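In: Have a look at this fold, sequence not included:
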């Protein structure tokens, strides 16, 4: 039987008895709506919330802990290190070893500033000067992949800059560093989205300050503040060298930036550490950020890291992801049981329909329909039920999602990482939902369709003799 | 199929309904040979097995023992029997069925009912050609202009004519009719019988007519009577004498054919 004729026969069958058809569609719609709703919620939570808090596809390598709080293994590591047999500090050789792994896309070293730094500024944001203890780390400018003014995030320090005694001796965009008497541009600074969310969700709210949105961020880009190296707001902190002031300028937001602090280009930190904390501090990295190639699993890299004697920093992403996955699995199981019931309902409906349509099937057989034709006709009807149920279910799930997102916007207070939508209806999810709906109906209709195909035409015709 | 091969050949056919050992063998060694162009009437009491034999000859019932061949093809059981798909194709293109209960699909119009065989054909006619052929056969049975009517809007005779038109759609060589006038009043039944004789001579159809009415059987050139689960030759006189015994329990007739 040609596909076009089969489609026409299916259409006629459905039009002839729309009620049982509608009942089956209803059952499947409910199941698919529940399934796609929870899957979209899970995907949305992972993509729109978790991935913002815990960047995926990235491994943070840190030196092994040397305190005894890691237990016997930590103690052995410590002993090994003391005897010279433990892992080397994170340095260039570690970077080379990790870069050689086939799943690694990029290895970028991070170095924390190993001495006290204090800063002040913020008149543009809060209307008055605010002083803060600054936590700074440095990263390789090449590791920044986002289009957040990457050209500005680089090392500007030039030992042969023009001589000056005050700022007005310098051209626009540069200032006069009083300790070196030379003009230089401010140190470029990146902040993390985490810091922004924290500010928006907590500080801005509790202190009545404006939230930083896309527009305000644009305005803040270029904000200059002052950092004093080797000096702290805490009086008892002993500076490691002569304090020096540096102007710093916010150039953008990057998820590579330090979550609770500011990030500057690595060469600055190397020089500052050498100056204030000694040569060794300028050679040892505090961590290495390993970006895994897209579509690859980080497992192999994690194994290599452990083999090299280092530790993968546990930032809670694994546990959070696992929690979301487990909760999703639970809801998906509930949805799947709804679908099993729906498939049972399809089977029941088809058996009833076949019993009511015995005569019709007998007539079709008498005029030349083969068993396969009857089988395909009924499975075609099941596909139609699955298709309509899948699309409707998906639509209902989408409507619910829109409703929940709307309620979240209007009824829930602001909190860090509050997403504009908790759901992600990806193309894959939509296809999967409709495909699953069709598959469920096909499975439900398989047994009745087989029974109908095996019906003796003579017996079927006798049912209305 | 060889030129001399009979259209229908049944040898020692047995058919039992119900479990083994219990009374219920309807056909007990039925044999029959029908040549091309014959008009055969098979007469018998209700329950004598004549409809069962007709279903077996048309390949609608394959649960039998013995040998049945149709157009030279073995229906089974046994090796070399036609597959379900091949038998379906044969039914579609070579055989037409007309039943007592008309067996039209109520949700389809007359034209769509007549077009139904085209849906399952191996080489279906193009939509326009199929519609043209359906109109032609409807007109041939006297129902030109009623293409869009639903079966429920037609009289019993008209419904039977639609069923005949459907059976004729692919110009079959064999027409199997099971009590075609059983649900019709005498006058309408007579018209249907006239139509059959006309078709038999004009379309060179081989026609097997199952009936319990001697009047209907009288148009056949060869008469058979079901006796003890087997068809045996009969004469019109014999059948006339047994007429009352052949009549089934009274059944309500369909409304008389509308005068159109």
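Out: Perfect, thanks for sending it. Quick caveat: nothing in here was measured; it's all calculated off a predicted structure.
In: got the phi/psi numbers for whatever residue of the stretch 1-150 of chain B ends up closest to chain A?
Out: Relative to chain A, the nearest point of the stretch 1-150 of chain B is residue B:92 (2.5 Å; CB to the nearest CB). Where you see a C-beta, it was placed from the backbone N, CA and C, and this is true even at glycine. Phi and psi for residue B:92, reported as degrees, to the nearest 10, are phi -70, psi -40.
In: Equivalent analysis for residue B:10, please.
Out: Dihedral angles of residue B:10 (phi, psi; degrees, to the nearest 10) stand at phi -120, psi 130.
In: same deal with residue B:213?
Out: Main-chain torsions, residue B:213, degrees, to the nearest 10: phi -100, psi 120.
In: that older thread, count of neighbours near the residue of the stretch 1-150 of chain B closest to chain A?
Out: 23 (other CB atoms under 10 Å in any protein chain shown).
In: Look at the residue nearest to it when sequence neighbours are not counted and tell me its secondary structure.
Out: Closest residue to residue B:92 apart from its sequence neighbours, by CB to CB, 6 or more residues apart in numbering or on different chains: residue A:368 at 2.5 Å. Here residue A:368 is recorded as coil under DSSP: H, G, I helix; E, B strand; the rest coil.
In: Tell me, how many residues neighbour residue A:368?
Out: Per other CB under 10 Å, the neighbour tally for residue A:368 reads 26.
In: try the one 4 residues further on
Out: Residue A:372 has 13 neighbours, counted by other CB under 10 Å.
In: In a strand, it, correct?
Out: No: using three-state DSSP, the assignment for residue A:372 is helix, not a strand.
In: now the helices for the stretch 1-150 of chain B?
Out: Using DSSP state H, counting those that start in this stretch, the helices of the stretch 1-150 of chain B run over residues B:50-57, B:84-94, B:110-119, B:127-140.
In: Mean neighbour count, those helices: which tops it?
Out: helix B:50-57 (a mean of 26; mean count of other CB atoms under 10 Å in any protein chain shown).
In: And that one, what does it pack against?
Out: Under the contact criterion of 3 or more CB pairs under 8 Å, 6 or more residues apart in numbering or on different chains; DSSP states H and E, helix B:50-57 touches helix A:457-462, strand B:8-16, strand B:25-34, strand B:39-43, strand B:65-70, strand B:174-178, strand B:206-211.
In: Looking at these, which is nearest to residue A:211?
Out: helix A:457-462 (71.4 Å; CB to CB).
In: near chain A, which residues of chain B show up?
Out: B:52, B:55, B:58, B:60-63, B:84-85, B:88-89, B:91-93, B:97, B:99-101, B:103-105, B:107-108, B:112, B:116-121, B:124, B:166 (CB under 8 Å from any CB of the partner chain).
In: Quick check: the closest residue to residue A:223 other than its chain neighbours vs chain B, distance?
Out: Excluding its sequence neighbours, the residue lying closest to residue A:223 (CB to CB, 6+ apart) is residue A:250, at 4.7 Å. Distance of residue A:250 to chain B, computed by CB to the nearest CB, to the nearest Å: 71 Å.
In: so residue A:23 is in which element?
Out: Element membership of residue A:23, judged by DSSP states H and E, is helix A:18-44.
In: what bits of the stretch 1-150 of chain B have low per-residue confidence?
Out: B:1-4, B:19-23 (pLDDT under 70).
In: repeat for the stretch 101-250 of chain A
Out: A:125-126, A:145-151, A:213-219, A:236-240.
In: ranges for the helices of it?
Out: Along the stretch 101-250 of chain A, counting by DSSP H, counting those that start in this stretch, helices occupy A:123-126, A:193-198, A:204-207, A:214-220.
In: Pull out the buried residues from stretch A:101-116.
Out: A:101, A:103-104, A:106-116 (16 or more other CB atoms under 10 Å in any protein chain shown).
In: Stretch B:26-40 now?
Out: Per 16+ other CB under 10 Å, stretch B:26-40 contains these buried residues: B:26, B:27, B:30, B:32, B:34, B:36, B:38, B:39, B:40.
In: Please identify which pair of the residues you listed lies farthest apart.
Out: Across the buried residues of stretch B:26-40 (CB to CB), the longest gap, 27.6 Å, separates B:26 and B:36.
In: if we can go back for a sec, for the residue of the stretch 1-150 of chain B closest to chain A, which residues are in contact?
Out: With contacts defined as CB atoms under 8 Å, 6 or more residues apart in numbering or on different chains, the neighbours of residue B:92 are A:367, A:368, B:117, B:120, B:121, B:122, B:170.
In: quick one: it from residue B:120, how far?
Out: Counting by CB to CB, to the nearest Å, the separation of residue B:92 from residue B:120 is 6 Å.
In: Check the contact lists of these two and give me the overlap.
Out: Here residue B:92 and residue B:120 have A:367, A:368 as joint contacts, going by CB under 8 Å, 6+ apart.
In: what's around residue A:433, how many residues?
Out: Residue A:433: 25 neighbours (other CB under 10 Å).
In: can you pull the contacts of the nearest residue to it once chain neighbours are set aside?
Out: With sequence-adjacent residues excluded and distances taken as CB to CB, 6+ apart, residue A:433 is closest to residue A:36, at 4.1 Å. Shown in contact with residue A:36 (CB under 8 Å, 6+ apart): A:393, A:394, A:397, A:425, A:429, A:430, A:433.
In: how close does the third one get to residue A:32?
Out: So the one you mean is residue A:397. Taking CB to CB, one finds residue A:397 at 8 Å from residue A:32.
In: Would you mind listing what in chain A touches chain B?
Out: Residues of chain A lying near chain B (CB under 8 Å from any CB): A:1-2, A:5, A:8-9, A:12, A:15-16, A:359-360, A:362-373, A:456-459, A:461, A:464-465.
In: one step back: any buried residues in the helix holding residue A:23, and which?
Out: Buried residues in helix A:18-44, counted by 16+ other CB under 10 Å: A:20-21, A:23-25, A:27-44.
In: Over to stretch B:6-25?
Out: B:6, B:7, B:8, B:9, B:10, B:13, B:15, B:16.
In: now those residues in JSON lines, with distance to residue A:190?
Out: Formatted as JSON lines, those follow (distance: CB to CB, whole Å):
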{"residue": "B:6", "distance to residue A:190": "95"}
{"residue": "B:7", "distance to residue A:190": "91"}
{"residue": "B:8", "distance to residue A:190": "91"}
{"residue": "B:9", "distance to residue A:190": "93"}
{"residue": "B:10", "distance to residue A:190": "93"}
{"residue": "B:13", "distance to residue A:190": "92"}
{"residue": "B:15", "distance to residue A:190": "89"}
{"residue": "B:16", "distance to residue A:190": "90"}
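In: which one of those sits closest to residue B:186?
Out: Nearest to residue B:186, judged by CB to CB, of the buried residues of stretch B:6-25 is residue B:8 at 29.6 Å.
In: how near is the nearest residue to the closest one once chain neighbours are set aside to residue B:70?
Out: Excluding the flanking residues, the one nearest residue B:8 by CB to CB, 6+ apart is residue B:34, at 4.1 Å. As judged by CB to CB, residue B:34 and residue B:70 stand 10 Å apart.
In: swap in residue B:117?
Out: According to CB to CB, residue B:117 and residue B:70 sit 17 Å apart.
In: what's the answer for residue A:164, then?
Out: Relative to residue B:70, and taking CB to CB, residue A:164 is found at 110 Å.
In: who's more crowded, those two?
Out: Between residue A:164 and residue B:70, counted using other CB under 10 Å, the more crowded position is residue B:70 (25 against 19).
In: Retrieve the pLDDT associated with the residue in the stretch 351-465 of chain A positioned nearest to chain B.
Out: Closest approach between the stretch 351-465 of chain A and chain B, counting by CB to the nearest CB: residue A:368, at 2.5 Å. As predicted, residue A:368 sits at a pLDDT of 91.
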